[in-house]
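Novice: my questions concern the predicted model and sequence given below.
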Amino acid sequence: MSGRFEPEEEQRIRDAAGTARVEFAPRLGDRSDLLGSATAIAGSPTAQELDRAAAVRWVHSWAAGVNSELAAGLGSHSAELTSSVGNGAVPLAEHAMMLMLMLNRDAPRWAKAQSERRWERFQHGELAGLTCGIIGLGHSGLDLAAKARAFHMRVVGLRRRAGLPAPGVDTVHPPERLHRFLAESDFVVVTAPDTPGTANLIGEAELRAMKETAHLVVVSRGGIVRDRALLRALTEGWIAGAGLDAHGHEPLPEESPFWDLPNTIVTPHNGATTAQTRRRGLDIFVENLERFVQGRPLHNVVDKSAGY
């Protein structure tokens, strides 16, 4: 069990484990002596640690995305892999709404005026009547759909399995209709995981398919939007602006031009860093630990071929 836990959190985990032995360590490598006998691991084992874990049958990721676990070899490993997907859905959707509102109303202009003690009133936009296009209709995407509808927006979505129910979404497009989806959206919000199917999904052709008045918001993972193409789109006016919480390179380098773009809001992949996200993540794990020791099916099982 890797990570740092409060005493009451450790007790919850021990209670869920029943008679099974539980060991805690800040990092898995700190207790490498236990890897050979461990049947379950909570954390992100490296390839070397996974090789030593001959008895492991279940690995749980504290994160919603499992890129590092799959890269370490769990994609072909016999152990079942679960994630904490859904733990940060609510704050991520809130963060997306915040970025949409800030971009729509040019909030940085007010912040600048305040810093200069200058009373500046100007005509700004409103979200009502605009179209919010959501790439990825998982937990955070569907929560965002509900919030956008509450702001009287029309909501369209892009999803690999377009036929699945999507409450709060007016139209769901399959991936082959990506350009049509982009062309009708005033805000394009990326809430999808970083998988082989979404890597570099948005490049020059896709950004040029967007309205010149549209904004791009990225709150899930970097790597889905090509940074070089996005930089051109923002500096040459293909789109109106962007709100970026997830970035292709993190931490965003000090020399990155995205910091200085007047039509771009940068936040440090911080949208889901809340106490409630941690609590929901622990709830997911504790429920699965009870299921594991009782031999019942686990929740949040990762489809290793799909990457999420």
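Specialist: Yep, it's here. This one's a predicted model, so the numbers in the text were calculated from it and none came from an experiment.
Novice: for the rest of this, base every contact and every neighbour count on C-alpha atoms.
Specialist: OK.
Novice: where does the prediction get shaky in this structure?
Specialist: Flagging of the chain using pLDDT under 70 yields an empty set of residue ranges.
Novice: and the helices in it?
Specialist: With DSSP state H as the definition, the chain shows helices at residue ranges 7-17, 47-52, 67-69, 89-104, 107-115, 139-150, 178-183, 204-209, 227-236, 275-294.
Novice: distance of the residue sitting nearest the centre point of the chain relative to residue 41?
Specialist: Closest residue to the average C-alpha location of the chain: residue 220 at 2.8 Å, with Cα atoms, centre = their mean. Using Cα to Cα, to the nearest Å, residue 220 is found at 25 Å from residue 41.
Novice: equivalent analysis for residue 136, please.
Specialist: Here the criterion is Cα to Cα. By it, residue 136 lies 29 Å from residue 41.
Novice: same check on residue 115?
Specialist: Note on residue 115: its distance to residue 41, by Cα to Cα, is 49 Å.
Novice: neighbour count winner among the two?
Specialist: A direct count of neighbours by other Cα atoms under 10 Å for residue 115 and residue 41 places residue 41 higher, at 23 against 8.
Novice: close enough to count as contact, that one and residue 58?
Specialist: Yes: if you go by Cα atoms under 8 Å, residue 41 and residue 58 touch, sitting 6.4 Å apart.
Novice: from residue 240, how far out is residue 120?
Specialist: Computed as Cα to Cα, the residue 120 to residue 240 distance reads 22 Å.
Novice: more neighbours, the two?
Specialist: When neighbours are counted by other Cα under 10 Å, residue 120 and residue 240 differ, and residue 240 comes out ahead with 22 against 10.
Novice: show me the contacts for the more buried one.
Specialist: When contacts are counted by Cα atoms under 8 Å, 6 or more residues apart in numbering, residue 240 touches 212-215, 234, 263.
Novice: next: residue 68.
Specialist: residue 44.
Novice: against residue 239, how distant is it?
Specialist: Taking Cα to Cα as the measure, residue 68 and residue 239 are separated by 32 Å.
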